[in-house]
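Asks: Based on what follows, work out the 3D shape:
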Amino acid sequence: MLAELLRYPTVSAVLAACVTALLGMGAFFLQTQYKILLDKRERRRLLYETLIEQVFRLLDAKPGRESSQVMTEIEKSWLFASDGVLKACYSIFEVYEAAANESDAGASLKLRESAQSREQFAAAVSDLFIALRAESYGLSRIDQEWALKHVKIYEWGALHNGDE
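Replies: The predicted structure follows:
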């Protein structure tokens with residue numbers, strides 16, 4: 001029956017047009033889904049860049065109102081971050097809180113002055129970086145040991161040749 005219908009040029013043309021339309025709609029759907037995925041990744045990238053900036057602002061934030069504002073910005077990650085990223089953020093808060101409790105009242109935080117605090121902060125930040133990579137890229141080959149070796153918090157910035 002189909003073979004008989006295909007003998008008519010009009011039926012063949014209509015059938016070809018329908019197939020072309022279906023393929024076009026399928027391509028449009030795939031392209032739209034891909035654009036949505038790219039837009040989502042770009043939004044997440046921008047949000048995570050802001051999150052990382054806020055985490056490092058904690059190094060200089062004074063305990064009290066200033067640190068509370070920074071922590072509030074970090075806590076916005078509840079809206080978009082994975083469980084691993086949230087847990088890493090709260091590990092950073094714990095390190096900050098311990099350093100704040102050891103600091104003099106009203107003085108700036110001595111987080112960067114203590115080698116132990118810097119190491120704990122670097123470990124918490126490396127956990128955050130690993131969680132961010134796992135969420136953004138799926139599986140990552142960077143492990144905790146490698147991250148701990150490379151994420152450092154310096155007292156006054158990175159050392160440079162000639163510095164003492």
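Asks: just checking, Ala131 touches Ser77?
Replies: No - taking Cβ atoms under 8 Å as the definition, Ala131 is not a contact partner of Ser77, at 10.5 Å. Where you see a C-beta, it was placed from the backbone N, CA and C, and this is true even at glycine.
Asks: Overlap in contacts, the two.
Replies: Val85 (Cβ atoms under 8 Å, 6 or more residues apart in numbering).
Asks: how much space is there between the closest residue to Glu75 other than its chain neighbours and Ala61?
Replies: Ranked by Cβ to Cβ, 6 or more residues apart in numbering and with sequence neighbours excluded, the top spatial neighbour of Glu75 is Cys89, at 7.6 Å. For Cys89, the distance to Ala61 equals 14 Å [Cβ to Cβ, to the nearest Å].
Asks: same thing with Ala21?
Replies: Separation of Ala21 from Ala61 (Cβ to Cβ): 59 Å.
Asks: These two: who's more crowded?
Replies: A side-by-side neighbour count of Ala21 and Ala61, using other Cβ atoms under 10 Å, places Ala61 first with 21 against 10.
Asks: can you tell me the helix or strand for that one?
Replies: Element membership for Ala61, per DSSP states H and E: none, as it lies in no helix or strand.
Asks: correct me, but it touches Ser67?
Replies: Yes - with contact defined as Cβ under 8 Å, Ala61 counts as touching Ser67 (4.2 Å).
Asks: other SSEs contacting the lengthiest helix in the chain?
Replies: When the chain is parsed with DSSP state H, its longest helix is helix 9-57. Helices and strands touching helix 9-57, by 3 or more Cβ pairs under 8 Å, 6 or more residues apart in numbering; DSSP states H and E, are helix 2-6, helix 65-75, helix 83-102, helix 115-137.
Asks: Apply 6 Å and report the result again.
Replies: Counting contacts by 3 or more Cβ pairs under 6 Å, 6 or more residues apart in numbering; DSSP states H and E, helix 9-57 is packed against helix 65-75.
Asks: On the pLDDT front, check Ile130 for me.
Replies: The score at Ile130 is 88. That number is its pLDDT.
Asks: out of everything not next to it in sequence, what's closest to it?
Replies: Using Cβ to Cβ, 6+ apart, the closest residue to Ile130 is Ala147 (5.6 Å).
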